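> can you look at this prediction? I've put the sequence above it.
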Amino acid sequence: MTARWPRPIFFIVFLLALALDQATKAWATSWLEPRGFVAVVPGFFNLTYVRNTGVAFGMFAGHGLIVAAFMVALVILALIFSRGVNWARLEPNIVGGCLIGGAVGNLLDRARIGYVVDFLDFYTGPHHWPSFNVADSLICVSVAWIVGRQVFSK
């Protein structure tokens, strides 16, 4: 069976992903921003409030026009890609809901406040991975899943 449109589970996952992302960012803004950072696992993981005006990992910070053009291109590519998806299976609905939920979460921040709130900070010694958030995690895991399925589906 082939389905051209996402199943209801897609919209449930999308809404849950979006709600989790926005709730954690609201928490980070209200509780974490006044503190700046909190060491959770010293030497490895902090909660650190960051205002990200760039795209993934802070790239192109301060270049609003480039970021906006990049976002428009990604939306167009997502719409083109989604037309070829068979939505009958559970997997594309869950992965797609996570991907779109994360993307919409970050886009809402950009449209509403002009930046994305990041707060997860992993590091070892002086070497920090760029701060990220729940939406970034959902996007990265979803894209990795899609790429993995394409590479290993044969």
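Yep, it's here.
> what's the host helix or strand of F70 packed up against?
Assessed by DSSP states H and E, F70 sits inside helix 64-83. For helix 64-83, the helices and strands in contact under the criterion 3 or more C-beta pairs under 8 Å, 6 or more residues apart in numbering; DSSP states H and E are helix 90-113. C-betas here are computed from N, CA, C, even on glycine.
> which elements pack onto the helix or strand immediately after the helix it packs on in the chain?
Using DSSP H and E, the helix or strand that follows helix 90-113 in sequence is strand 116-124. Here strand 116-124 touches helix 8-27, strand 45-52, helix 90-113, helix 134-152, going by 3+ C-beta pairs under 8 Å, 6+ apart.
> same thing but at 10 Å, please
Using 3 or more C-beta pairs under 10 Å, 6 or more residues apart in numbering; DSSP states H and E, the elements in contact with strand 116-124 are helix 8-27, strand 37-41, strand 45-52, helix 90-113, helix 134-152.
> helix or strand with the lowest mean pLDDT in the protein?
Each helix and strand of the chain was given a mean pLDDT (mean pLDDT, DSSP states H and E); the minimum falls on helix 64-83 at a mean of 77.
> H128 is nearest to which of the helices and strands packed on strand 116-124?
strand 45-52 (8.7 Å; C-beta to C-beta).
> parallel or antiparallel, list what pairs with that closest one.
Paired neighbours of strand 45-52 in the sheet (DSSP bridges): strand 37-41 (antiparallel), strand 116-124 (antiparallel).
> thanks a lot, see you next time.
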